[in-house]
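**Q** I'd like to go over a predicted model; first the sequence, then the structure.
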Amino acid sequence: MQVIRKQQGFTLIELMIVVAIIGILAAIAIPAYQDYTIRSKVTEGLTAVGAAKTSVGDAWNSLGQFPADQAEAGLAPLADYDTTANGGFVVSMTYANVSATSGSLTVVFDGTGLGIAANDDLVFVGSSTTAGGISWDCNQATAGGSLDPKYRPANCR
């Protein structure tokens, strides 16, 4: 009587297929994760913009129009801007008056700290609405800014 031995373990080809599948998944996951980390760091800069939007809105309410400059908007001068706030990924934030009914906030990011191009920026354009408020737009097509769309917050793409 012949004894049939049952195979145990995996063959070399099966192990190679598993390693290849893991390699393909890693090749897809690593760039997606890098984009995610840059987006999360860019989001930190939006905290500073949120406070600036409030300050510009307060000035707009009291003046009846957009402030003329950064000082009238109640924002710190550019030289006094705290670059260590928000994780140190924001180089500067500036306000500019576009017209009596419009103004813009520009956030410039530290490219080396984020892994993006040097001095990429995100521009928020505020416009007065008929309801008596301010509407902020940060879409690259309408507001501008050099930050790559894949790194922008979802509402700014």
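**A** Good, I have the coordinates.

**Q** what are the ranges of the helices in this protein?
**A** Assigned by DSSP state H, the chain shows helices spanning 12-63, 111-114.

**Q** ok now the shortest one, how far from the chain's centre?
**A** With C-alpha atoms, centre = their mean, to the nearest Å as the basis, the distance from the averaged C-alpha position of helix 111-114 to the chain average is 12 Å.

**Q** over to the longest one?
**A** If you compare the mean C-alpha spot of helix 12-63 with that of the full chain, they lie 8 Å apart, counting by C-alpha atoms, centre = their mean.

**Q** could you find the closest non-adjacent residue to the most centrally placed residue in the chain?
**A** The residue lying closest to the centre of the chain (C-alpha atoms, centre = their mean) is Val42, at 3.1 Å. In this structure, Val42 finds its nearest non-sequential neighbour in Tyr151, 5.4 Å apart by C-beta to C-beta, 6 or more residues apart in numbering. Every residue, glycine included, has its C-beta placed from N, CA and C.

**Q** now the helices of the chain as JSON lines including distance to Ala71?
**A** Formatted as JSON lines, the helices of the chain follow (distance: least, C-beta to C-beta, whole Å):
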{"stretch": "helix 12-63", "distance to Ala71": "10"}
{"stretch": "helix 111-114", "distance to Ala71": "28"}
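
**Q** can I get those helices in TSV including distance to Asp121 and mean pLDDT?
**A** As requested, the helices of the chain are exported to TSV (distance: least, C-beta to C-beta, whole Å; pLDDT from 0 to 100):
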stretch	distance to Asp121	mean pLDDT
helix 12-63	10	88
helix 111-114	10	74
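
**Q** could you check how many residues crowd around Thr130?
**A** Residues contacting Thr130 under the criterion other C-beta atoms under 10 Å number 5.

**Q** and it, how far is that from Ser102?
**A** Going from Thr130 to Ser102 by C-beta to C-beta, to the nearest Å gives 14 Å.
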